[in-house]
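Trainee: Okay, predicted coordinates and the sequence, questions at the end:
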Amino acid sequence: MGVVSSSIRDQEAETLQPEPLPTVPRTELAISARRLRKVFEDKIAVRGLTLDVRRGEVFGFLGPNGAGKSTSVKMLLDLVKPSSGDAEVLGRPIGDLQAKARIGFLPEHFRFYDWLTATELLRLHGRLYDIPPEALRHRVPTMLETVGLSPHSKKQLRHFSKGMLQRIGLAQSLINEPDLLFLDEPTSGLDPVGRRLVRDIIKSERERGATVFLNSHLLSEVEVTCDRVAFIKAGEVIEIRDMNSFAEGRNGIRARVTGISEDVLLGLHAFASSVLCDSELLTMNLNGPELAPRVLRYLVEHGVEVFEFTPVRLSLEDRFLEILGADHGL
Ligand SMILES: Nc1ncnc2c1ncn2[C@@H]1O[C@H](COP(=O)(O)OP(=O)(O)O)[C@@H](O)[C@H]1O
Ligand SMILES: [Mg+2]
């Protein structure tokens, strides 16, 4: 690690996101990450990931390409060593073998031995998980059936299309009936039928009681499957939201303002779960619609000039586009 990266680390050390309040007992958490950070040479891939994922929830990790989603997951899986910070996965420190045995993972970019047949690949992965051969005899065909590859069970992977490879990748991630399933861009390369399959798999995994951590840059994918979503951009979680909150009433505010200082922006966090200010456009997600008049008074009393102030209903898409588009001030 060079001088550049350590100096970046020093500068950034104090600007990590605030820790969310620990509201859930630790035993009920599938993932608990604290200030997990990864610096590659002079590139900060993940700034300081702090998040809790509850057991049994489907958690969406939503952000544009390059945001740091895959690196975050790889750190949780012990595939990339964090530069700093730590995490517990299934109640164990990162890298714990007992926890790993209970995890399934579909990597974003995978390469399987292409001389293996579909059945052989699943058997191999099953054996790596130490699943007894008798159990595998049933489970492998069941998994192939689940992902619609039964007719191709004896075909070598080198003859598989991209979509078929993605399907066998999915089957591989489920072979140990995981308690925690990481899917990294699972629908890439899949046609609409394949995308539907991923959705169905996530649903049945949730019904089975598994926790699903879904990396995606696709809003629609997250929208239809997840219980909660974290928006990630440039290595930083901008916001974590319950999906239900998007169906609620007019909690959003859009305002056009001038003369807003950093301190006043910071003060707005008392009223809102998120505050974004991009040049003159201020967007907030209020903790309740009744707070709108108080926010307006607060702005005016603090010398901000308000040209427009409109309660709006923020959809997931609105939030996503705002986060992608705006340089978040705070
Ligand atoms: N092994 C690596 N070496 C150097 N830079 C990397 C490496 N892996 C990822 N990065 C960089 O880290 C950033 C985050 O990458 P990644 O976690 O793959 O994002 P995402 O999965 O959200 O698309 C990107 O800028 C990427 O180029
Ligand atoms: Mg990725």
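Mentor: Great, that's in hand. Ligands and ions are numbered 1, 2, ... in the order given.
Trainee: make it CA atoms for all contacts and neighbour counts henceforth
Mentor: Noted.
Trainee: Can you list the low-confidence ranges for the stretch 1-150 of the chain?
Mentor: The stretch 1-150 of the chain contains residues with pLDDT under 70 at 1-26.
Trainee: one more time with 90, if that's ok
Mentor: Within the stretch 1-150 of the chain, the stretches with pLDDT under 90 are 1-28, 42, 64, 110-111.
Trainee: got it, and the stretch 151-300 of the chain?
Mentor: Looking at the stretch 151-300 of the chain by pLDDT under 90, you get 188-193, 217-224, 233-234, 236, 238-252, 262, 269, 272-281, 283-290.
Trainee: For the residue of it found nearest ligand 1, which non-adjacent residue is spatially closest?
Mentor: Closest to ligand 1 within the stretch 151-300 of the chain is residue 235: 6.7 Å, counting by Cα to the nearest ligand atom. Leaving out its chain neighbours, the residue that sits closest to residue 235 by Cα to Cα, 6 or more residues apart in numbering is residue 46, at 3.9 Å.
Trainee: wait, isn't residue 156 in contact with residue 113?
Mentor: No - using Cα atoms under 8 Å, residue 156 is not in contact with residue 113, being 9.2 Å away.
Trainee: On the three-state scheme, residue 60 is what?
Mentor: Recorded secondary structure, residue 60: strand (DSSP: H, G, I helix; E, B strand; the rest coil).
Trainee: which residues sit in contact with it?
Mentor: Shown in contact with residue 60 (Cα atoms under 8 Å, 6 or more residues apart in numbering): 213, 214, 215, 216, 222, 226, 227, 228, 229, 230.
Trainee: Show me what the third one bridges to in the sheet.
Mentor: What that stands for is residue 215. Legend: beta-bridge partners of residue 215 under DSSP bridges are residue 61, residue 184.
Trainee: what about it, distance to residue 290?
Mentor: Distance, residue 215 to residue 290, by Cα to Cα, to the nearest Å: 34 Å.
Trainee: Settle it for me: which of these two has more neighbours?
Mentor: residue 215 (27 against 11; other Cα atoms under 10 Å).
Trainee: who's in contact with the residue positioned nearest the centre of the chain?
Mentor: With distances taken as Cα atoms, centre = their mean, the residue of the chain nearest its centroid is residue 61 (1.6 Å). By Cα under 8 Å, 6+ apart, the contact set of residue 61 is 69, 213, 214, 215, 216, 229, 230, 231, 232.
Trainee: Which one's more surrounded, residue 156 and residue 113?
Mentor: The residue with more neighbours, out of residue 156 and residue 113, is residue 156; 17 against 12, by other Cα under 10 Å.
Trainee: which residue sits closest to that one, ignoring its sequence neighbours?
Mentor: Closest to residue 156 by Cα to Cα, 6+ apart is residue 117, at 4.0 Å.
Trainee: you'd agree that neighbour is up against residue 155?
Mentor: Yes - the pair residue 117 and residue 155 passes the contact test of Cα under 8 Å, sitting 5.0 Å apart.
Trainee: burial measure for residue 179, as a count.
Mentor: Number of residues near residue 179 (other Cα under 10 Å) recorded here: 23.
Trainee: Next to ligand 1, which bits of this structure? Give me the list.
Mentor: Within reach of ligand 1 by Cα under 6 Å from any ligand atom, the chain has these residues: 40, 45, 65, 66, 67, 68, 69, 70, 71.
Trainee: Tell me where the stretch 51-200 of the chain has helices.
Mentor: Taking DSSP state H, counting those that start in this stretch as the criterion, the stretch 51-200 of the chain carries its helices at 69-76, 97-100, 118-128, 133-146, 162-174, 192-208.
Trainee: Could you dump these into CSV with mean neighbour count added?
Mentor: Listed next are those as CSV, based on neighbours: other Cα atoms under 10 Å:
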stretch, mean neighbour count
helix 69-76, 23
helix 97-100, 15
helix 118-128, 20
helix 133-146, 16
helix 162-174, 23
helix 192-208, 16
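Trainee: Reformat the ones you listed into JSON lines and put distance to residue 267 next to each item.
Mentor: Output for the helices of the stretch 51-200 of the chain, formatted as JSON lines (distance: least, Cα to Cα, whole Å):
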{"stretch": "helix 69-76", "distance to residue 267": "30"}
{"stretch": "helix 97-100", "distance to residue 267": "41"}
{"stretch": "helix 118-128", "distance to residue 267": "52"}
{"stretch": "helix 133-146", "distance to residue 267": "51"}
{"stretch": "helix 162-174", "distance to residue 267": "45"}
{"stretch": "helix 192-208", "distance to residue 267": "39"}
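Trainee: how about those, which one is nearest residue 280?
Mentor: Closest to residue 280 of the helices of the stretch 51-200 of the chain is helix 69-76 (Cα to Cα; 29.8 Å).
Trainee: which outside residues touch that closest one?
Mentor: Applying Cα under 8 Å, 6+ apart, the set of residues contacting helix 69-76 is 36, 38, 45-46, 49, 61-63, 80-82, 87-89, 94-95, 108, 182, 184, 215-216, 232, 235.
Trainee: go with 6 Å
Mentor: Contacts with helix 69-76, where a contact means Cα atoms under 6 Å, 6 or more residues apart in numbering, come from 80, 81, 82.
Trainee: Show the buried residues in those residues.
Mentor: Buried members of the contacts of helix 69-76, counted by 16 or more other Cα atoms under 10 Å: 81, 82.
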